[in-house]
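Undergrad: I need the structure of the sequence given here:
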Amino acid sequence: WCARRDGRPPLGALLALIDQVSTFCGQAEFDGRGRPGVSLFLSGEVVDEAPSLESGCGIEISTRLLKGGRTLAWLACEVYADGELA
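TA: Have a look, this model is predicted:
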């Protein structure tokens, strides 16, 4: 469900995964009280050489805090499929 016919991930599917992960896991680690976040805006791009997503391949989503305040935070996220940037 998360790959086009050529096996590469569609951006919409990756953004949906990032939305879920960053809401519950990505933001909470940067918040002093461990509160989850909520997505206000998502944008992204798929790397031209993105690997194919084969059945059972591991997907890792890495989050990095760009800026954090009392009520808002900006995160950068990267998706890796079997260790390669997707």
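
Undergrad: so Val46 makes contact with Leu11?
TA: Yes: at 5.3 Å, Val46 counts as touching Leu11 under the criterion of C-beta atoms under 8 Å. The way it works is simple: take the backbone N, C-alpha and C, and place the C-beta from them, glycine included.

Undergrad: which residues in this structure form strands?
TA: All strands of the chain, identified by DSSP state E, fall at 59-68, 73-81, 84-85.

Undergrad: Enumerate every residue touching Glu78.
TA: Contacts for Glu78 (C-beta atoms under 8 Å, 6 or more residues apart in numbering) come out as 61-62, 64, 85.

Undergrad: Of the residues you listed, which qualify as buried by neighbour count?
TA: Buried residues within the contacts of Glu78, counting neighbours by 16 or more other C-beta atoms under 10 Å: Ile61.

Undergrad: Just flag the most distant two among the contacts of Glu78.
TA: Using C-beta to C-beta, the pair of the contacts of Glu78 lying farthest apart is Arg64 and Leu85, separated by 13.7 Å.

Undergrad: Contact partners for Leu42?
TA: So Leu42 contacts 15, 18-19 (C-beta under 8 Å, 6+ apart).

Undergrad: Out of the strands of the chain, which is the most enclosed?
TA: strand 73-81 (a mean of 16; mean count of other C-beta atoms under 10 Å).

Undergrad: quick one, that one and strand 59-68 angle?
TA: On the basis of axes from the mean of the first three to the mean of the last three C-alpha atoms, to 10 degrees, strand 73-81 is oriented at 160 degrees to strand 59-68.

Undergrad: Could you tell me the least trusted of the strands of the chain?
TA: The stretch with the lowest mean pLDDT among the strands of the chain is strand 84-85, at a mean of 79.

Undergrad: In CSV, list the strands of the chain along with distance to Ser39.
TA: Converted to CSV, these look like this (distance: least, C-beta to C-beta, whole Å):
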stretch, distance to Ser39
strand 59-68, 12
strand 73-81, 9
strand 84-85, 21
